[in-house]
Every structure is written in structure tokens, then in C-alpha cells.
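Colleague: Any chance you could fold what I've pasted below:
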Amino acid sequence: MIRPFLLLQLTALIPAAAIAQSTPIADSYRATANRIIAAALADSSAWNRTAELVDRFGHRLSGSASLERSIDWILAAMRRDGLQNVRGEPVMVPRWVRGAESATLVSPRAAPLTMIGLGRSAGTPARGITAQVLVVDSFEDLTRRAAEAKGKIVLFDVPFTGYGQTVRYRSRGAIEAAKVGAVAALIRSVSSESMQNPHTGSLGYDSAVAKIPAAALSVEDAAMLHRMADRGDRVVVNLKMSARTLPDVQSRNVVAEIVGSEKPDEIVVLGGHIDSWDVGQGAMDDAGGSVAAWEAVRVMKRLGLRPKRTVRVVLWTNEENGLRGADGYRDAHRSEIGKHVMALESDNGVFKPRGVGVTAGEGGLAMVTDIASLLAPIGATTATAGGGGADVGPLGALGVPTMSPSVDGTRYFWYHHSSADTMDKLDPREVAECVALMAVFAYVIADMPGTLPRTPPRQPTS
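Modeller: Down below sits the predicted model:
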């Protein structure tokens, strides 16, 4: 990137037209970006609106009445905000119901265990499943001890080393346990810290093996069962889960816009997912990200900013247990995917922003690095390769450049998918800074002369 002081030194040597072409994008937008940042930080409106949303409606699992009531409330508020083309775009979503559930240690002593059923799990018989527990510490360990697993409950006690590495035990634990004849699967909660708050999340099933029930134990209880087994105790647990899957129901993606002044058919998308798991309030994951995107557009509206391209806020439904909202948005807008110039998703918590990650074609990272310099007032100037999210993934697969805020993730997996994901975990200033970041990037990319380079499509477009 050519710095402004170097441009001054080069002015006498380079023709004016060439200087205009090489001037960083940021130079053209610094004054506007400062206005956006000041407006975003002027109050706690994003935090307050997030708090009202989660306090009023609570958690918002796909298929639930609370999700649909929250969508009605958001649509009405967006219309009051004066946003354009406010609508709910219908999507059919799965309806999984948790029901009553428990895990009880039967031997070597009687005690309740702190547990939570994994999303999409099958249920147990009404009396539950009572079986000896086989504790393993990896899939490889299970393979070595496969002969011991038949008729048992397999517990994967795997410490958290990072979400990508550890979440596979949640995703595939029931499958691998069923392959060796287990009657149920338990996992150590996928969480970096714990205070007896087990974390849920979706599991996967394989049609080639039985769909056995699966749940997460708290870190503390999983470790206790492991110690017992290591001492040679016969560990027996009763697992009861009345979970069930009901027929699909209709939900909606929330969509609202500021229509572009010169190229209204070209679209910059920003958003988060409005659904959550059925524990806690879903404040961090992802009411905060959804409201931050909404507030970013509202800041532009308040300042009278109308970029050349359309800025579209999308709050996707059913990210947590199906991604039907993401696929539904792609399918509903397939004819205009070529006109989507960027899709930014916030789903990593609205904590202190450090910058952004970006997935774009050659030269895209340099452009985003240039724009990121505008976030110096809030210390969010980093830009790294690799950015996006589950809901913008279908767009990215078709070549649309994708982005995501990079935030301080220290505490994210303390609360993720657990009853501890509540509003008190979010700081008003940090939420406001996330609004500022999203608003600056959305506005500049929607208004600048060129566009971010696209990536080669990774799947057919029809």
C-alpha cells in the first residue's frame, strides 16, 4: 500500500492521472468513516436493542414460537427505522424438540450428572438407557477398544484444544460409537472453560448405523467418570432423553435494505443468524451479531449515507441445526448472485474487534487491508486471509467474496451453546465497535469505484 506521505514525495514525478489511480481507497473515505465510527460509538443502542430482543423472546430454536415472535418484532422495528424493502423470506426449517432429559450416575455411587442433549439427537426409551460406561480419549482409542464397546455407553472424554479439532467428537461421536455396537454416546462438553455448564450443538448421523442418543456432560463430570474408570471402578449411567424430531415448519430470513443510488442491482450483504440453541438467551450466538449488522445499516440511514450499491442486511434462520436459511437465501437470490459483491457475516461473538478476515480473489486482501486502516480509531486494522461463515458459505461457494469480523475470542467458548450465553456477557462499547467495523466495511465496499475480486466458483451455479 502506498502511504500518503510517499504520495506527496512522488507528486512531482508521476502524472496526476496516475496518482489518482494509485491513491489508496481509504483516502477517499476517511472523513465518512470517521463519521460512521463516531455515530456508532455515540450511544449503546445496539447493546440495548440486543438486550431487549433476548430478554423479550429468550432463546430462539428453529421451529419455535419464540423465534417467529422475535422475527415479527424485528420486521416491525426495521420498518419503523425507515429501512427499505423490509420483508421475511419464507424458509422451511427442521423442528427438533429437546424435551425432558437427565443423566444419573448409578455406580459406583448414585449421583445426578450435569448434562445436555446434543441437537438433533434421537431420544431414549421412557425408562432410559442404563449401561456401563466405556471411557475413551479419541476415535483411535475407541477403535483399539472396539471389542469392549458393545452394549455400553461410550464417553469421549477429549479435552478442548480448539473448536475445529474438538467439535468432531460432537459431530461424529454417535456415529463412531454406533459402529462398534454402543447403545448411547456421551461427550465431554466442547468448551474451553466450564463451571458445570455443558454445551449443546448439532450431531451427525449415518444411515448405515443405528441412530443412538447422544449428550454432552459437563467438563467436570466427564473428568470424574474418567477418573473412576481409571481406578478400575465399574461406571454405570442411566441416560434419559425424550428428544424428538417433528415435521418441518416455516420460518423466515429477515431482509432489509438501503437501496443503492447508482447501482441498485449490485448488492453488499451483511448479517448474522437470528436463531439460537434452546438454552441461555443466544445473546452472544448470535443475537449480538444480528443486531450489530442491523444497527450498522441503521447508522448509515441516520447519517443520510446512501452508497452507490445496495446494502442488504440479512438475518438468517436455522444456522444452528440445518443451515436452511443460508441455502434458502442462495436459492431465492440465485439469479442475482453474480451481482453480490461482498457478504459479511458476524457469528464469532460481538467482543472487542481486531479487524477482519476475508476470502476473495487475487488482490482482495490488499484492498481490504487498505479499507481496514480506516478502523484505526477503534484499533481494528488487521486484515487476514480467510473469512466468512456458515451462512455466507453458499454465496462464497459461488464466487462471492466473504468476510467476517475478527474479534477477541478469549471467552467465546466459555459460553458457546450453553445456558451461560446471556446478555451480561456482552460489553456495550465492544458491541458498538463491532457496529462501527461492519458499517465502515459495508459502506465503503458498497460505494467504492471497483469491487473485490471474486473467487472461482466451487460448485455449479444451477
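
Colleague: residues of the lengthiest helix in the chain that come out buried?
Modeller: Ranked by residue count and defined by DSSP state H, the top helix of the chain is helix 428-447. Across helix 428-447, burial judged by 16 or more other Cβ atoms under 10 Å covers 428, 430-447. Backbone N, C-alpha and C define where each C-beta goes, glycine included.

Colleague: swap in stretch 406-420?
Modeller: In terms of neighbour count (16+ other Cβ under 10 Å), stretch 406-420 has its buried residues at S406, V407, Y412, F413, W414, Y415, H416, H417, S418, S419, A420.

Colleague: I'd like to know how many residues surround G204.
Modeller: Counted with other Cβ atoms under 10 Å, residues neighbouring G204 total 14.

Colleague: quick one: it from E176, how far?
Modeller: From G204 across to E176, the span is 10 Å (Cβ to Cβ, to the nearest Å).

Colleague: Can you lay out the buried residues of stretch 406-420 as TSV showing secondary structure and distance to R252?
Modeller: Formatted as TSV, the buried residues of stretch 406-420 follow (DSSP: H, G, I helix; E, B strand; the rest coil; distance: Cβ to Cβ, whole Å):
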residue	secondary structure	distance to R252
S406	strand	30
V407	strand	27
Y412	helix	27
F413	helix	29
W414	helix	31
Y415	helix	27
H416	coil	25
H417	coil	23
S418	coil	26
S419	coil	27
A420	coil	28
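
Colleague: between these, which is closest to A122?
Modeller: H417 (19.0 Å; Cβ to Cβ).

Colleague: pLDDT wise, what is that closest one at?
Modeller: We note a pLDDT of 98 for H417 in this prediction.

Colleague: which residue sits closest to it, ignoring its sequence neighbours?
Modeller: Leaving out its chain neighbours, the residue that sits closest to H417 by Cβ to Cβ, 6 or more residues apart in numbering is H199, at 4.3 Å.

Colleague: just T317 next, same as before
Modeller: Closest residue in space to T317, ignoring its immediate chain neighbours: G325 at 3.9 Å, by Cβ to Cβ, 6+ apart.

Colleague: ok, back up a step: would you turn the buried residues of stretch 406-420 into JSON lines with distance to L246?
Modeller: Output for these, formatted as JSON lines (distance: Cβ to Cβ, whole Å):
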{"residue": "S406", "distance to L246": "38"}
{"residue": "V407", "distance to L246": "35"}
{"residue": "Y412", "distance to L246": "31"}
{"residue": "F413", "distance to L246": "30"}
{"residue": "W414", "distance to L246": "32"}
{"residue": "Y415", "distance to L246": "28"}
{"residue": "H416", "distance to L246": "26"}
{"residue": "H417", "distance to L246": "21"}
{"residue": "S418", "distance to L246": "24"}
{"residue": "S419", "distance to L246": "23"}
{"residue": "A420", "distance to L246": "28"}
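
Colleague: quick one: which two of these are the most distant?
Modeller: The largest separation in the buried residues of stretch 406-420, counting by Cβ to Cβ, is between S406 and S419 at 27.0 Å.

Colleague: Beta-bridge partners for the residue lying closest to V235 once chain neighbours are set aside, please?
Modeller: Of all residues not flanking V235 in the chain, V133 sits nearest, at 4.3 Å (Cβ to Cβ, 6+ apart). With DSSP bridges as the criterion, V133 is bridged to I153.

Colleague: Let me see the contact set for the residue nearest to R127 when sequence neighbours are not counted.
Modeller: Using Cβ to Cβ, 6+ apart and skipping residues adjacent in sequence, the residue nearest R127 is K240, 7.7 Å away. Counting by Cβ atoms under 8 Å, 6 or more residues apart in numbering, K240 makes contact with A100, E101, S102, A103, T104, T124, A126, R127, G128, I129.

Colleague: if you take the average position of this structure, which residue is closest to it?
Modeller: Among the residues of the chain, the one closest to the centroid is D347, at 3.2 Å (Cα atoms, centre = their mean).

Colleague: these two touch, right, it and G272?
Modeller: Yes. Using Cβ atoms under 8 Å, D347 is in contact with G272, at 5.7 Å.

Colleague: what sits in contact with each of the two?
Modeller: Common neighbours of D347 and G272, using Cβ under 8 Å, 6+ apart, are D286, G289, D391.

Colleague: In helices, which of those appear?
Modeller: Among the shared contacts of D347 and G272, the members found in helices (DSSP H) are G289.
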